[in-house]
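What follows is a predicted protein model with its sequence.
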Amino acid sequence: MKKTNDLFLLELKETRSLFNKELSTGSFSEDLYIKLENLEKEEKKRLEEALPAFRKKRLNSDSFKAALSLLVKEGNKISETDLEEKTKQELEKLSLSEEMPEPEGSISDTLSYSFDENKLTIQDKDKKYEFTFEDSLYAFYLSSLCGYAFSEDGKVFYLENDGEWLLKEKEILSDVFLQKGSIGVDDTTLLFLDGDNNYCSISTNRISSVDDLFQEEH
Amino acid sequence: MKDIQELEEERRKLGLNSKPKEKEGSSFFDVNEQEEIEPTISVSPLLKAYSSYIDGERKKARAELKEIRFRIAYEEMFLFVNREEASKKSINRERVSDTKTRRHTLIIQALHKEIEEKRKSSPDFDYVLKEEKLEQDIFNERHHRLVEVPYVEEAKKEIEFSLENAIPVFLVGHLGSGKTELAKEAASDFLFKRNLNTALSSEMECWFKKNPKADQEKCFAHFSRVYQSIYDKVSAMDTRPYFIAGSRNLTAEDMFSEKTLKLTRAVDGKDELEELNALIERYTKWLKDNKERLEKLPQDEKIDLMTATWKTFSSLAISSSSAFGTTVEKIDKEVLKAMKEGRPVIIDELNTIAMANLIALNDILQQKPGTTAYVTGVGPVTIQPGFALIGTGNLSTGSVSYEGTNTLNPAFKSRFTTIVYDYAPQSITGSLEEQTNSDGNELFRLLIDHLLDEEGTLSLPGGRKTVDKIFALAELGKASENLFEGKAEHMEDGEVPTLNESVLSIRNLFHVLDHYNHGEEEDLSMALWKGFLSSVTDPDDRNLLLSLALRYGFFPKEEGWSIEARAKGEAIQDYEDIRKVPFTYTLDKVETFSKEEVIYLLFGEGPKRTSLPADLEKKIELSSYDDKTREEAENLEDRLSQVEKGESLLSSLKDDDEKDE
């Protein structure tokens, strides 16, 4: 790994100096284009492979952000809002759904969860992850990418699949109480009905692509 | 390929740095205003990038400067406290220095040196310092304060140094040099600094009691946080010094304590409620003493007697309290008030006061704050810290003497630090372009400041031509001051010309500029006549000043003026003599100098920029290509730098892994 990395770096430096040299002449060679293209391809591959590592690195950093938004206020009709059609459909589905999730459930054949008091277990393929919270949990929502755990004192905890399941140390939100919810719209957005009958959403700025990564670092 | 200098010139021409003018509100009086539409000039992406780079660098420099200024203020607070402590410990209350004060002084010096070093090496730091000066000038000008050109700054420093050491100051200079104003401001600044440092140190002391474990960095962070709000609070406090206008008739009583006779009521000063209570008490005592007698009387007689007695008591009280007497009342006057309250006092035109009366000040002049001085007609008075005395006086020389001034008794004068404050420095030869030392033309800076608007821009008809004319006006002013002071550098036929009673001092120069009125109604020659020369009544003075003005390019023949060189003793030249044809004036096209242009005009150019960041250098290189090549190069550059960015992201990840391991 180290050797290929050094080689890549060397090629990058060479390409840069080739470009600088050609810049002063005002015409650019085919060689430069080929070199650059190869570098781009290789780097994209490497960055994609490293995405889980970037997510892991960012999970407990300051740049990780969670957003809570109010979508439909109590008394307003979902159909009359100017939300996106997809969101509206998901909310309608949510309004008809069960009250609360069961303390155990499965997302796919290989991914399932269970929670009891302040203990949460995620079973992913052959691996079992156990998390302990200070306070008891009363709800948990999971997708293949992330999970949201609600504690009885109103805290919301976030878990992320970064090659392995990780829990963000600090809660992402507090003073949030919900009646029911579901993960919808996309794999990381949780839609829920709060104690005051408002429809809300929680989402995070999870890095999902190489583009996100560049934008993040900008 | 473009170089940095070309880019810099383009940027300044565009005035990218000056903020766009805010649109006026829609008022009836704006209806007639036709907005002058500036031709829109397309700004190249390169120029934009260069300008935004400059803006960024200046922002950084501003933050750096602010940090150093905070450090200086922090050290000055320590110095203030340490000096106070050292002075209390010293046997005679003279300020002493000790290891602590020396240490803080050295730090302050080093910080000032740091600013100077940065100014010399960075064009941005240099600009930011100059910008700060201009903004301070505008603030002072707007608040009718002296503009702090180096000459004023130095004099203020000297006065404040004396006051801090509790040494009285005698400020002397010729008329129109602004002594009195300087004395007032220096005294006010002295008190302000005292108040500020007292407030800051007590805030820090309070905070430290609550945070005893805080280290130096934390203390400084707290200081930086609270500084501005404390500064604002102290700024709102009254720091004006007491002021006495000196005259031949001023006596010791006028300075210390005035005795007056006053008619007063006997009960004067007593509380009315107290009076009433005493009356009721006396009446109750009477009731008690005569209880048996009253009880024996029939009910209606009893009530009659009680009513009659109350009436007697109350009329006795009325008559006793309406008696009048004469008392001697002492009213504290400015010097005594200043001593008691710990404030500076200014005695203007000190050398017009009779020596016999000034002697009364002797003991006060010798004592330090915290000790007791004997005040004539009052007795011993403790001088409070903050007290300071500044006297001003006109300077009589061989050539000029001011009516009513005395020579001060040497023994009396020796108790003061004498500071001579004359006219601001200004070159008297060569045009503005020919000046090599921009710092030396302080009079010119004062004149330009007087014409600026709030944003620091300068709009003048005739543009640069008029700026040159204003420079000539400053030279003329200085030349006249030299003649007035007897420093004649202008020899004519072996004769040394001198001015007897008139001088084109800064005050008079401002009159001229106010007449000039930004060229609305008259040109500078006419303004010079109306705003100054027409009121010079001494024939020799006016004739001399007119020929001096002619030499500096005013009243030119081709514009219809005819000034004659007249020898001493010849008749005065009136308007009819110097203007034979009617005066007509057409306003030149108005040109506006941006704030940045004004800054370089007043303070000169700073160090040259010698390098730019690599990406900007590349942009400069690219700018020399045709559109197609440039687009191709920019595209390649973007792609390449994207790969480099990705690479640095990956290596940062690798670094973290290594750290974890």
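Structure's in. What do you need?

quick one: the top helix by length along chain A to chain centroid distance?
Ranked by residue count, the top helix of chain A under DSSP state H comes out as helix A:30-59. Centroid displacement of helix A:30-59 relative to its chain, using Cα atoms, centre = their mean, to the nearest Å, is 20 Å.

what does stretch B:474-483 give?
That offset, for stretch B:474-483, works out to 24 Å (Cα atoms, centre = their mean).

With stretch B:147-160 instead?
So, by Cα atoms, centre = their mean, the centroid of stretch B:147-160 is 9 Å from its chain's centroid.

Which parts of the chain are strands?
Going with chain A. Counting by DSSP state E, chain A has strands at residues A:66-72, A:104-106, A:111-116, A:119-124, A:127-132, A:137-142, A:146-151, A:156-161, A:165-167, A:178-183, A:190-194, A:199-204.

look at chain B instead
Under DSSP E, chain B gives strands at B:169-173, B:242-245, B:257-265, B:324-332, B:344-348, B:372-375, B:379-382, B:388-394, B:417-420, B:458-461, B:590-593.

circling back: quickly, which of the strands of chain A bottoms out on average pLDDT?
Lowest mean pLDDT within the strands of chain A: strand A:104-106, a mean of 85.

Listing partners with orientation, what would you give for that one?
strand A:111-116 (antiparallel) (DSSP bridges).

Grab the nearest non-local neighbour of residue B:613.
residue B:53 (6.9 Å; Cβ to Cβ, 6 or more residues apart in numbering or on different chains). Quick note: C-beta positions are derived from backbone N, CA and C, even for glycine.

Without its sequence neighbours, what residue ends up closest to residue B:132?
Nearest non-adjacent residue to residue B:132 (Cβ to Cβ, 6+ apart): residue B:65, at 7.3 Å.

again but with residue B:279, I slipped
residue B:317 (5.1 Å).

about what we covered before: would you mind telling me which of the strands of chain A is nearest residue A:41?
strand A:156-161 (26.7 Å; Cβ to Cβ).

How about residues contacting that closest one?
A:55, A:59, A:66, A:122, A:124, A:131, A:133, A:142, A:144-151, A:165-168, A:171-174, A:176, A:202, A:204, A:206 (Cβ atoms under 8 Å, 6 or more residues apart in numbering or on different chains).

Any of these buried? List them.
The neighbour count (16 or more other Cβ atoms under 10 Å in any protein chain shown) marks A:55, A:59, A:66, A:122, A:124, A:131, A:133, A:142, A:145-151, A:165-168, A:171-173, A:176, A:202, A:204, A:206 as buried among the contacts of strand A:156-161.

Tell me the bridge partners for the closest residue in space to residue A:168 that isn't next to it in sequence.
Residue nearest to residue A:168 in three dimensions, not counting chain neighbours: residue A:158, with 4.5 Å by Cβ to Cβ, 6+ apart. Beta-bridge partners for residue A:158, by DSSP bridges, are residue A:148.

Return the residues of chain B in contact with chain A.
B:618, B:621-622, B:625, B:629, B:632-633, B:636-637, B:639-640, B:642-647, B:649-650, B:653-654, B:656 (Cβ under 8 Å from any Cβ of the partner chain).

I only care about those residues that end up buried; give me the PyMOL line for that.
A single PyMOL command selects the buried members of the residues of chain B next to chain A (16+ other Cβ under 10 Å):
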select buried, chain B and resi 618+621+622+625+629+633+636+637+639+640+643+644+646+647+649+650+653
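
Spell out which residues make up each domain of chain B.
Chain B resolves into domains spanning B:54-155+B:190-239, B:267-322, B:438-603 when parsed by automatic domain parsing.

Mind putting these into CSV with mean neighbour count and mean pLDDT?
Listed next are these as CSV, based on neighbours: other Cβ atoms under 10 Å in any protein chain shown; pLDDT from 0 to 100:
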stretch, mean neighbour count, mean pLDDT
domain B:54-155+B:190-239, 15, 92
domain B:267-322, 12, 83
domain B:438-603, 18, 88
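
The ones you listed: which one's closest to residue A:37?
domain B:54-155+B:190-239 (33.6 Å).

picking that back up, quick one: which of the strands of chain B is nearest residue B:366?
Short answer: strand B:372-375, nearest of these by Cβ to Cβ, at 7.7 Å.

That closest one pairs with which strands?
Partners of strand B:372-375, by DSSP bridges, with direction: strand B:379-382 (antiparallel).

Could I get the average pLDDT for the strand it pairs with?
So the average pLDDT for strand B:379-382 ends up being 90.

in that strand, what's buried?
For strand B:379-382, by 16+ other Cβ under 10 Å, it's residue B:381.

Now do the contacts for residue 167.
Chain wasn't specified; assuming chain A. A:131, A:157, A:158, A:159.

my bad, the chain I had in mind was chain B
Residue B:167 neighbours (Cβ under 8 Å, 6+ apart): B:416, B:417.

For stretch B:561-581, report the contacting residues that lie outside it.
Against stretch B:561-581 from outside (Cβ under 8 Å, 6+ apart): B:495, B:525, B:529, B:534, B:539-540, B:542-543, B:546-547, B:549-550, B:555, B:560.

which one among these gets closest to chain A?
residue B:525 (57.4 Å; Cβ to the nearest Cβ).

tell me the contacts of that closest one?
Here residue B:525 is in contact with B:549, B:554, B:555, B:556, B:559, B:561 (criterion: Cβ under 8 Å, 6+ apart).

How about the contacts made by the residue nearest to residue B:132?
B:115, B:125, B:128, B:129, B:132.

so the first one touches residue B:126, yeah?
The one in question is residue B:115. No: using Cβ atoms under 8 Å, residue B:115 is not in contact with residue B:126, being 10.4 Å away.

which residues touch the residue of the stretch 301-450 of chain B at minimum distance from chain A?
Among all residues of the stretch 301-450 of chain B, residue B:433 sits closest to chain A, at 38.5 Å; criterion: Cβ to the nearest Cβ. By Cβ under 8 Å, 6+ apart, residue B:433 lies in contact with residue B:468.

what are the phi and psi angles of it?
phi -60, psi -30 (degrees, to the nearest 10).

Name the nearest residue to residue A:23, ignoring sequence neighbours.
residue B:633 is the one closest to residue A:23 (Cβ to Cβ, 6+ apart), at 5.9 Å.

With residue B:483 as the reference, measure out to residue B:504.
Using Cβ to Cβ, to the nearest Å, one gets 10 Å for the distance from residue B:504 to residue B:483.

Show me what residue of the stretch 151-300 of chain B gets nearest to chain A.
For the stretch 151-300 of chain B, Cβ to the nearest Cβ, closest residue to chain A: residue B:221, 19.9 Å.

What separation do you get for that residue and residue B:506?
Residue B:221 is 44 Å from residue B:506, by Cβ to Cβ.

And for residue B:312?
75 Å.

So residue B:479 sits against residue B:552, correct?
Yes: using Cβ under 8 Å, residue B:479 is in contact with residue B:552, at 7.4 Å.

Now for residue B:629: which residues touch it?
A:26, A:27.

Over to the one 5 residues further on?
Neighbouring residues of residue B:634 by Cβ under 8 Å, 6+ apart: residue B:622.
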